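K.L.:
this one's structure only:
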């Protein structure tokens, strides 16, 4: 019979543990094969190591449960942490009276009221921003209508401007009513182009040295 571990090599004796036929090279002084010697070393190492700290019950994935670390489980590990408490609602409008918000809202269709809202004694950031925004929108739209009318009187080029002129007044009225209603409700109204321009001005002023 050939050796279990070497083909075409005759075995000299069976392994004392597993009984497989092994050759003289594979057989040690105790008569064990290499496989049984390796298994004995693994068992000896496992017995000497014992249970790991924080381990409860048997190891090797059967009933293993590690105790939580002192600082608790990190993100994405172990049980889901308690959800963070929701931040308190913004109190930016707490000092703005309904009358002042109504004045700011009416400042969109009637720009003199927006200029009057800038005299707010409480210096509310909401009131100041919405008043400046309504003034910039009104004067910007007025300048746009003048420019569009001037373009309409240019030969050939004015053909594309004439259809837009009758739409200026309805667009202005609808936009001012919508913006004014949202401002009266206390929403952060953002007007295209105008809001971005005000944000850039605010960042420039904040970054300028005193």
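P.N.:
Okay, I see it. Predicted model only: the values in this text are computed from it and were never measured.
K.L.:
backbone dihedrals for residue 14, both of them.
P.N.:
phi -80, psi 150 (degrees, to the nearest 10).
K.L.:
residues contacting it?
P.N.:
20, 21, 22 (Cβ atoms under 8 Å, 6 or more residues apart in numbering). Quick note: C-beta positions are derived from backbone N, CA and C, even for glycine.
K.L.:
dump the residue contacts of the last one.
P.N.:
Spelled out, that is residue 22. Contacts of residue 22 (Cβ under 8 Å, 6+ apart): 3, 4, 5, 11, 12, 13, 14, 15, 33.
K.L.:
could you find the closest non-adjacent residue to it?
P.N.:
Of all residues not flanking residue 22 in the chain, residue 33 sits nearest, at 4.7 Å (Cβ to Cβ, 6 or more residues apart in numbering).
K.L.:
check the second one too.
P.N.:
Nearest in space to residue 21, with sequence neighbours left out and distances taken as Cβ to Cβ, 6+ apart, is residue 11 at 3.4 Å.
K.L.:
would you confirm that the residue nearest to residue 22 contacts residue 21?
P.N.:
No - if you go by Cβ atoms under 8 Å, residue 33 and residue 21 don't touch, sitting 9.1 Å apart.
K.L.:
just the buried positions in the helix or strand harbouring residue 150, please.
P.N.:
Assigned by DSSP states H and E, residue 150 belongs to helix 125-152. Within helix 125-152, the residues that count as buried by 16 or more other Cβ atoms under 10 Å are 126-127, 129-138, 141, 145, 152.
K.L.:
now do stretch 115-126
P.N.:
117, 120, 124, 126.
K.L.:
start to end distance for that stretch?
P.N.:
14 Å (Cα to Cα, to the nearest Å).
K.L.:
who touches that stretch?
P.N.:
Applying Cβ under 8 Å, 6+ apart, the set of residues contacting stretch 115-126 is 92-93, 95-96, 100, 103-104, 107, 127-128, 130-132, 135, 186, 188.
K.L.:
related to what we said a few turns ago, least confident of the buried residues of helix 125-152?
P.N.:
Across those, the smallest pLDDT goes to residue 126, namely 80.
K.L.:
where's the nearest residue to residue 20 once chain neighbours are set aside relative to residue 37, distance?
P.N.:
Closest residue in space to residue 20, ignoring its immediate chain neighbours: residue 4 at 4.1 Å, by Cβ to Cβ, 6+ apart. According to Cβ to Cβ, to the nearest Å, residue 4 and residue 37 sit 13 Å apart.
K.L.:
pull the contacting residues for residue 3.
P.N.:
9, 10, 11, 21, 22, 23, 25, 26.
K.L.:
could you check the pLDDT of it?
P.N.:
81.
K.L.:
how far away is it from residue 198?
P.N.:
Distance, residue 3 to residue 198, by Cβ to Cβ: 89 Å.
K.L.:
can you map out the helices along this protein?
P.N.:
When assigned using DSSP state H, the helices of the chain occupy the ranges 34-49, 98-106, 111-117, 125-152, 168-185, 194-207.
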